[in-house]
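# How does the following fold in three dimensions:
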Amino acid sequence: MNLSNKKIYIAPHTPKSTMFAKVFKENFSDIEFLGFIDKEKKGDNIYQVKEISKNDFDFIFIYSPNHFDTIYNHYKKIINHKKLIHVDTIDNCYIFNDYMKILKNRIKAFPSFVKLKFLQYSVYFFNIFPSLRDEVVFVSKDFVGTNNKMLLIEFIKSKNNTLILTDNLLHLKELKHHGIQTLFLGSLYSYYKLARAKIVIQDQGNSNTLIQKLNSQQQKIQLWHGIPLKRMNKLTDILYDYHISTSDFVNQTSLSEVIQAKQHLNLGYPRNDLLLKKHSSLDLLFVDLKIYNFVKNNKTIVYMPTHRESQPSFGQTSAKELPLNLISFNQFLKENNLFFILKLHPFVSNLYDTQYFSHIIFYKSQQDIYPILKYTDILITDYSSVYFDFLLLDRPIIFFDYDYKEYSSNIGGFVYDYEKNAPGKKVATQNSLEKEIINLFMGEDLYKDERKKVLELFFKYKDHKSSHRIINKIINK
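Residues are numbered from 1 along each chain as shown. Presented below is the predicted three-dimensional model:
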């Protein structure tokens with residue numbers, strides 16, 4: 001596709017598309033960027049699609065990993081479909097799909113369209129016979145999130161008629177191995193079960209195409225996957241019956257503006273039960289048991305950096321290595337009898353797959369690390385929501401925010417004041433990171449009071465009973 005001297009809009013206006021616009025302009029200097037198109041937002045350089053329908057432009061680039069079909073179907077009613085370009089990422093590189101490629105992809109997706117119709121008609125059937133709806137169905141696309149996992153386990157213990165749907169084959173196999181009722185998400189039978197569900201629970205936002213087909217009689221619960229530090233767009237396509245959060249402050253300042261729900265309930269995240277309870281065998285689903293048992297008896301640091309939205313590029317893989325010399329860092333750990341667990345995004349972890357270090361352990365990206373965090377001495381992160389949860393343990397956190405200015409600029413700033421609400425030492429170099437690790441193991445913990453203040457603000461409950469509260473409030477009401 002020839003992009004030379006073209007005039008383009010980008011839709012919708014999100015942190016991801018903002019970063020795409022920045023990288024795009026850097027790579028195609030002769031392109032004229034006209035602004036963003038968004039359904040909800042208005043402002044400088046942000047327009048409604050109807051406003052620009054008669055303007056002089058060549059393309060609208062639609063960059064929305066989870067909502068492309070919805071946006072495309074709306075825009076093509078107003079804009080010539082030949083001007084609509086689907087921006088996707090493959091192997092962490094941006095690619096462009098013109099109208100012919102979009103058509104080919106839709107033809108390939110026809111079986112999925114038929115299955116969605118089957119789901120829709122099945123929902124109609126059970127609307128006529130609602131008494132047949134008697135199951136609690138969990139939906140986990142791509143991977144089984146820890147909130148879904150823990151609430152599922154609690155449902156199983158309480159003898160509820162419970163089922164989980166997932167398309168993650170490794171997780172599906174492990175669930176079945178433990179005797180948990182599981183179906184492949186995408187099979188006709190899984191859609192039948194979804195249509196028959198009395199209660200549907202998810203902790204992500206990437207299954208909305210399915211959830212939209214359900215009836216208002218079916219109770220829909222959104223657990224979400226963490227307290228947001230990054231800004232998010234409002235999810236307008238589903239009204240949930242319940243959204244589960246951690247405090248009034250979180251709801252009022254962020255999540256109630258993102259997730260539409262009849263009730264926002266501050267009952268706590270099920271996954272945080274793992275930080276504070278004694279673990280059963282089911283609690284250790286998707287956990288590397290060898291590492292889990294090792295951590296119990298050794299001084300351990302866990303490093304969980306967030307995925308950098310700035311990484312996708314044009315025509316080449318752009319995942320960046322960590323700003324750590326792992327050889328010298330491993331020697332530092334060895335000299336101090338410390339062990340370091342790295343849980344990375346798949347794009348970054350692929351850079352280290354073949355490496356071995358005596359005191360550095362690579363933890364697989366889709367394994368559950370929360371049972372391991374229970375026994376972790378220090379957490380190192382940057383802008384990941386995991387640090388909020390770790391506050392429940394009242395242990396030190398180091399913020400390795402070496403790219404703070406670039407990252408905050410890329411995402412348009414944070415939801416919460418980073419300096420006030422990230423209670424720990426901020427370091428930007430390996431040398432300062434190593435010094436702070438030594439200080440903390442020597443007992444120099446200077447942020448206990450700050451951690452307590454943030455904890456009180458972001459968490460109503462500080463116990464291991466979030467799953468119990470959710471079941472008692474919603475199911476046993």
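# contacting residues around the closest residue to Lys230 other than its chain neighbours?
In space, and not counting its chain neighbours, Lys230 is closest to Ile411: 5.2 Å by CB to CB, 6 or more residues apart in numbering. Bear in mind the C-beta positions are built from the backbone N, C-alpha and C, glycine included. Neighbouring residues of Ile411 by CB atoms under 8 Å, 6 or more residues apart in numbering: Pro15, Thr18, Met19, Lys230, Arg231, Glu309.
# Hmm, the second one is touching Asn233, no?
No: look at Thr18 against Asn233 with CB atoms under 8 Å: they stay out of range, at 11.0 Å.
# and Phe362, bridged to which residues?
Note on Phe362: beta-bridge partners by DSSP bridges are Leu342.
# Next one, pLDDT for it please.
In this model, Phe362 is scored at 93, pLDDT.
# okay, now the domains of this structure?
7-108, 112-274+464-475, 280-458 (automatic domain parsing).
# Relative to Met1, which of those is closest?
Proximity to Met1 (CB to CB) singles out domain 7-108 among the domains of the chain, at 5.6 Å.
# how far does the closest one stretch from start to finish?
30 Å (CA to CA, to the nearest Å).
# And the average pLDDT for stretch 427-446 is what?
So the average pLDDT for stretch 427-446 ends up being 97.
# Contacts for that stretch, please.
299, 301, 323-325, 328-329, 332, 336, 338, 377-378, 380, 396, 398-402, 404, 425.
# Which members of those are positioned in strands?
Judged by DSSP state E, the subset of these located in strands is Ile301, Ile378, Ile380, Ile398, Phe399, Phe400, Lys425.
# any chance of those in TSV, with neighbour count and distance to Phe118 too?
Listed next are the ones in strands among the contacts of stretch 427-446 as TSV, based on neighbours: other CB atoms under 10 Å; distance: CB to CB, whole Å:
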residue	neighbour count	distance to Phe118
Ile301	23	49
Ile378	22	50
Ile380	24	47
Ile398	24	50
Phe399	22	48
Phe400	23	48
Lys425	21	54
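# Need those residues in CSV (columns: distance to Glu436).
Output for these, formatted as CSV (distance: CB to CB, whole Å):
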residue, distance to Glu436
Ile301, 11
Ile378, 9
Ile380, 9
Ile398, 5
Phe399, 10
Phe400, 9
Lys425, 5
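# for those, which one is nearest Lys448?
Distances from Lys448 to the ones in strands among the contacts of stretch 427-446, taken by CB to CB, are shortest for Lys425, at 12.5 Å.
# sorry, back to before: quickly compare the domains of the chain and say which is most buried.
With neighbours taken as mean count of other CB atoms under 10 Å, these reach their highest mean count in domain 112-274+464-475, at a mean of 19.
# Just the pLDDT for Phe61.
pLDDT at Phe61 comes out at 97.
# oh, I was asking about Tyr356
86.
# Distance of it relative to Phe362?
Tyr356 sits at a distance of 9 Å from Phe362 (criterion: CB to CB, to the nearest Å).
# likewise Leu188?
38 Å.
# repeat for Lys299
18 Å.
# so what's in contact with Thr18 and Asn233 at the same time?
Joint contacts of Thr18 and Asn233 (CB under 8 Å, 6+ apart) do not exist.
# Quick check: Leu229 touching Val386?
No: if you go by CB under 8 Å, Leu229 and Val386 don't touch, sitting 10.3 Å apart.
# Regarding the protein, what is its longest strand?
Longest strand in the chain, counting by DSSP E: strand 235-245.
# Adjacent strands (with direction) for it?
Strand 235-245 has the following sheet partners, assigned by DSSP bridges: strand 219-222 (parallel), strand 259-266 (parallel).
# and that strand, how far out from the chain's middle?
16 Å (CA atoms, centre = their mean, to the nearest Å).
# where in the stretch 51-200 of the chain is pLDDT low?
Along the stretch 51-200 of the chain, the model assigns pLDDT under 70 to residues 91-92.
# Which parts of it are helices?
With DSSP state H, counting those that start in this stretch as the criterion, the stretch 51-200 of the chain has helices at 68-75, 99-108, 110-128, 146-157, 169-177, 188-196.
# Would you reformat these as a markdown table and include distance to Leu285?
Below are these laid out as a markdown table (distance: least, CB to CB, whole Å):
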| stretch | distance to Leu285 |
| --- | --- |
| helix 68-75 | 32 |
| helix 99-108 | 33 |
| helix 110-128 | 27 |
| helix 146-157 | 6 |
| helix 169-177 | 6 |
| helix 188-196 | 20 |
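# quick one: which of these is nearest Phe28?
Nearest to Phe28, of the helices of the stretch 51-200 of the chain and by CB to CB, is helix 99-108 at 19.0 Å.
# for the closest one, packing partners?
Counting contacts by 3 or more CB pairs under 8 Å, 6 or more residues apart in numbering; DSSP states H and E, helix 99-108 packs against strand 84-90.
# Which phi and psi values does His13 adopt?
phi -90, psi 100 (degrees, to the nearest 10).
# check contacts around it.
Phe36, Ile37, Asp38, Lys41, Ile46, Asn233.
# mind running it again at 10 Å?
21, 35-43, 45-47, 233, 412 (CB atoms under 10 Å, 6 or more residues apart in numbering).
# Tell me, what's the model's pLDDT at the residue nearest to Lys230?
The predicted local confidence for Ile411 is 76.
# Distance-wise, check it relative to Ser254.
14 Å.
# again with Pro396
25 Å.
# Let's check: the centremost residue of this structure is which one?
Geometric centre of the chain, nearest residue: His225, 6.0 Å, by CA atoms, centre = their mean.
# Quick check: which element contains it?
Per DSSP states H and E: His225 is located in neither a helix nor a strand.
# Check Leu457 too.
Here Leu457 is assigned to helix 448-458, by DSSP H and E.
# CA atoms of that helix as CSV?
Backbone C-alpha positions of helix 448-458 (Å, rounded to 0.1, in the frame of the first residue of the first chain) are rendered in CSV as follows:
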residue,chain,number,x,y,z
LYS,A,448,6.4,1.7,55.4
ASP,A,449,4.2,4.7,56.3
GLU,A,450,3.7,5.6,52.6
ARG,A,451,2.7,2.0,51.8
LYS,A,452,0.2,2.1,54.6
LYS,A,453,-1.4,5.3,53.3
VAL,A,454,-1.7,4.0,49.8
LEU,A,455,-3.1,0.7,51.0
GLU,A,456,-5.8,2.4,53.0
LEU,A,457,-6.8,4.5,50.0
PHE,A,458,-6.9,1.6,47.4
